[in-house]
Each structure stands twice: as C-alpha cells, then as structure tokens.
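Visitor: following is a predicted model, sequence given first.
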Amino acid sequence: ETYLRAYCAYLQDDWEEWLPLAEFAHNNHDSETTGMSPFFANYGFHPRMGMEFPVSPPKDEPAANFVRRLLEIHQRLQEEMHYAQAKYEDSANRRRTPAPRYQVGDEVWLSSKNITTRRPTKKLDSLWLGPYPIVQVVSPLVYKLELPSTMRMRPVFHTNLLRPAATDPLTGQRPENPGPVIVDNQVVYRVDEILDSRRHYGHIQYLVKWSGWDIKDATWEPIEHVDGLDAQKEFHESYPDKPAPAPALRRSARRSSRLERGALTTFDRASKVAETAQVAHIDDINQASNREV
C-alpha cells in the first residue's frame, strides 16, 4: 500500500500498473523479522532481475538435498520469528511514553483515518493531512486545530490522531503559498493542473490545483474559470469518461479574476488583441480610400 500510495495518480486509476513492481519489490526484500525475503523462504534462492549474468554454470542439485535445504531454511525462519517477537515486545515495553504535549502555535499532522477526502479510494489516500497549527488546548489530550475552510468538520481532535510536525524545515522545504499575479490590474491565480470534474446542480465544475499551492488547497471551480485552458484539454484527453461540456455548448474562453494557465494564456490573449487591432487598422484605411474616390 505504501508503494502504491506514493506512485499512483491523483484519481488512483493506474494502481494496477504499479502492482506487479510493488509485489516483486516486497517479495524480494529481506524481512526484518526473518532476515530473508519471502522469495528465498519459499524457493531457497533469490529470483533473477533479468540483468544478472551467471558467474558459473548452474549445477544440478539432487532432490533430497534441495528438500533438506528448504527444511533448514524453514527451521531458521521459526527461530528468527520467535527471537524477533521477543525483541519487539521488550522494545515496545521500554519505549512506552505518555502522549506528547502540544502548545498553541505548534504545528501537527492530522490522521486521515476518520476523514473522507475527494480521492476515490481510501486505501491509497494519504495517511496524514496538514500540517495544521494548534489554536487551543482543550485538555492535555484534546486540541483544536486551524483547518482550511474546505474541511467542513469540527476542528477538535484527540492526541492519538495527531503527530508533531517538523519545526525547522529545510530552506524551501515548505514554501509559503504564493500570492496572486496582477495582469492588467486584475488578480490572477495560475492553474497548475485539473484533478477532477463533476456535475454540480446541472453545471460542470473542475477541481483545480493552483500553482505553488498544496493539493489540499484545490478548489472546485465553474467551467467559466477554466474553459479553453490547456489544463482543461489535457484533463479530458487523459480522462475522456469524466463529465465534460457538450461540444455544441462549449463557451468561448473568458478571462477570470481567479486564474490563468501561466504565461501561455496571457500570450495568447495579447496576440488576439494585436490581431484585432491590426484588422481594425486595415478597415480604417479601406474606408479612407473609399471616401477619396
């Protein structure tokens, strides 16, 4: 699950493509408990990756020797598992500590265990959300967080659902959200990607991830805010079955006070304005010529 969670797309529709690689990596990885991989435990050898060259010609092994070697491996597995269980139990008893105490202003990660997100599958969703600042200490075990307005829930959580966030991130590790760009005296936010689409009260809406903002800050926007952008075209090419406007009802792209797709949208608009001005100039020349005649 950890492997798939890290590599699958936002809509989680490509997890089956990563499953064989995840399964092979897991089965060929040495277990901390047994000290050997599941492949080796079952077959007595490690599988070839397809890139290795045999150092020496393989030798035929009698069946009796092969069975005896597997029995030795399984016996060793049982011994290692008993030892590991005792080790884990002793380590857990030594490390049991009281719940961490937080103060107002501390930032914590919030467990997504009881939270429903927009993503299709809970199993492949992020395990932790945030980080979010603590705004009130309700009790030594209960804290109130400052959540985004898009998370419509009671912002009070038990400490078991919280995990401390790093207080000294590396430079550039957690950049501040960028402010809007001013284009022609209008406030403009840049679109990074369209994540999803839906029908809302009979109208098409798009889930927009903004450039420089975290995915948790993505917002549902009406079609007027993204119609004609490259991001809209790329989304429907990748997900042709997702809700989309009918071709006959497609409205012309309009500028919005909320967004543009980088400099490309501004460049296209400037070119269109220049083209219109050129046509108007030619019309003026033609009219002047007619008057002279």
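Guide: The structure has been received and is ready for your questions.
Visitor: tell me where the model's unsure across the stretch 51-200 of the chain.
Guide: For the stretch 51-200 of the chain, the stretches flagged by pLDDT under 70 are 51-61, 66, 70-71, 73-82, 84, 118, 123, 125, 167-187.
Visitor: residues in contact with residue 158?
Guide: Counting by CB atoms under 8 Å, 6 or more residues apart in numbering, residue 158 touches 141-142. C-beta here means a position set from N, CA and C on the backbone, and glycine is covered the same way.
Visitor: tell me the bridge partners for it.
Guide: With DSSP bridges as the criterion, residue 158 is bridged to residue 142.
Visitor: swap in residue 204?
Guide: residue 199.
Visitor: how many neighbours does it have?
Guide: The burial count assigned to residue 204 is 20, neighbours taken as other CB atoms under 10 Å.
Visitor: give the contact list for residue 232.
Guide: By CB under 8 Å, 6+ apart, the contact set of residue 232 is 194, 206, 226.
Visitor: in PyMOL, select just the buried ones from those.
Guide: In PyMOL, a selection of the buried entries from those looks like this (16 or more other CB atoms under 10 Å):
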select buried, resi 194+206+226
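Visitor: in strands, which of the contacts of residue 232 appear?
Guide: Secondary structure defined by DSSP state E assigns 194, 206 of the contacts of residue 232 to strands.
Visitor: quick one: secondary structure of residue 189?
Guide: Secondary structure for residue 189, judged by DSSP: H, G, I helix; E, B strand; the rest coil, is strand.
Visitor: quick one: it and residue 200, what's the gap?
Guide: Residue 189 is 20 Å from residue 200, where distance means CB to CB, to the nearest Å.
Visitor: pipe the contacts of residue 232 into TSV and attach distance to residue 65 per row.
Guide: Formatted as TSV, those follow (distance: CB to CB, whole Å):
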residue	distance to residue 65
194	61
206	64
226	67
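Visitor: between residue 189 and residue 200, which has more neighbouring residues?
Guide: Neighbour tally, residue 189 and residue 200, criterion other CB under 10 Å: the higher count belongs to residue 189, 21 against 11.
Visitor: isn't that one right next to residue 217, touching?
Guide: No - in this structure, residue 189 is not within contact of residue 217 by CB atoms under 8 Å, at 10.6 Å.
Visitor: common neighbours of these two, please.
Guide: Taking CB under 8 Å, 6+ apart as the contact rule, the neighbours common to residue 189 and residue 217 are residue 210.
Visitor: could you check how far residue 240 is from residue 234?
Guide: For residue 240 relative to residue 234 (CB to CB), the value is 12 Å.
Visitor: between these two, which has more neighbouring residues?
Guide: residue 234 (13 against 8).
Visitor: how close does the residue nearest to that one when sequence neighbours are not counted sit to residue 150?
Guide: Sequence neighbours aside, residue 194 is the residue nearest to residue 234 in space, at 7.4 Å (criterion: CB to CB, 6 or more residues apart in numbering). The gap separating residue 194 from residue 150 is 17 Å, by CB to CB.
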